[in-house]
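Visitor: I'd like to go over a predicted model; first the sequence, then the structure.
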Amino acid sequence: HSSQSKIYSYKCLFGRSMHPLERHFRTFEYRKCDFEVLEAALKKFEGTHDFSAFTNSQDKGIASVNPVRTVYKVQLIREDRSDLEFIDGGVSLYTIEFHISGALYRMIRNIVGAALHVATGNENLDYVDELFHAKDRKKAPKAAPATGLTLEKIYYPDNY
C-alpha cells in the first residue's frame, strides 16, 4: 500500500508464427492488427477511471472498495530485433508499457485484451468508452494471456 506507482510491461509478438525462444516471454498474436488503432485504444485508458469492467474481482477485495485507478501513461513501443527476421512472413515485436498508480486483479491483461479486440477489427474505438460506462466485466472481451506481462518497477516515496 505504500508504493506511489508501478511500471508494467506487456510484450507481444505479431506474425504468422511464434519464435520458439520468445514463447515464454511474450504473447503471440496471429490476427492482423492495426497498430495505429491499437495505440489509440490504449491511450483511452490514460487518466483516472473506474476500472470495474477491467478487473476479474469486481465484488471482492480492493476492487469492491475502490475500483478507481490512474493510468499516468501508456506507450506502444516497437522493438527492432533483426535476429528474428528469418521467420517466414516476418514478425513485429511490441511492448506495451503502463505507468499506473496501482493495478486491480487482472487489470493490465484485461486492458490489453480489450485494446487488441479493437485493433484486430472486432469493435471500433468507442467500444472502450462503452466498457468504462458499463462497469461490467461480463461485457468485456477475454483477458490477454499472462505470458508477456511483467511488473518492471515499483516507485516508493523517498522516506520509505
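Guide: That came through, no problem. Numbers count the residues shown, from 1 in each chain.

Visitor: secondary structure class for the residue most central in space within the chain?
Guide: In the chain, the C-alpha closest to the average C-alpha coordinate belongs to residue 112, at a distance of 3.0 Å (Cα atoms, centre = their mean). Each residue gets one of three states, and residue 112 gets helix by DSSP: H, G, I helix; E, B strand; the rest coil.

Visitor: same thing with residue 98?
Guide: Going by three-state DSSP: residue 98 is strand.

Visitor: that one bridge partners, please.
Guide: Beta bridges link residue 98 to residue 8, residue 74 when assigned by DSSP bridges.

Visitor: what do you get for residue 50?
Guide: residue 68.

Visitor: from residue 73, how far off is it?
Guide: Per Cβ to Cβ, to the nearest Å, residue 50 is found 19 Å from residue 73. (Glycine included, C-beta is placed from N, CA and C.)

Visitor: low-confidence stretches in the chain?
Guide: By pLDDT under 70, the weakly predicted segments of the chain are 1, 57-64, 81-90, 160.

Visitor: go again using 50 as the cut-off
Guide: Scanning the chain with the threshold set as pLDDT under 50 gives 63.

Visitor: quick one: the helices in it?
Guide: Listed in chain order, the helices found in the chain under DSSP state H are 35-43, 61-65, 107-119, 126-134.

Visitor: which parts of the first one are buried?
Guide: In this case it means helix 35-43. 37, 38, 39, 40, 41, 42, 43 (16 or more other Cβ atoms under 10 Å).

Visitor: quick check: closest non-adjacent residue to the last one.
Guide: The shortest distance from residue 43 to any residue that is not its chain neighbour, by Cβ to Cβ, 6 or more residues apart in numbering, is 6.3 Å, and that residue is residue 74.

Visitor: same question, the third one
Guide: Closest residue to residue 39 in three dimensions, ignoring its sequence neighbours and counting by Cβ to Cβ, 6+ apart: residue 76, at 4.5 Å.

Visitor: all set, thanks.
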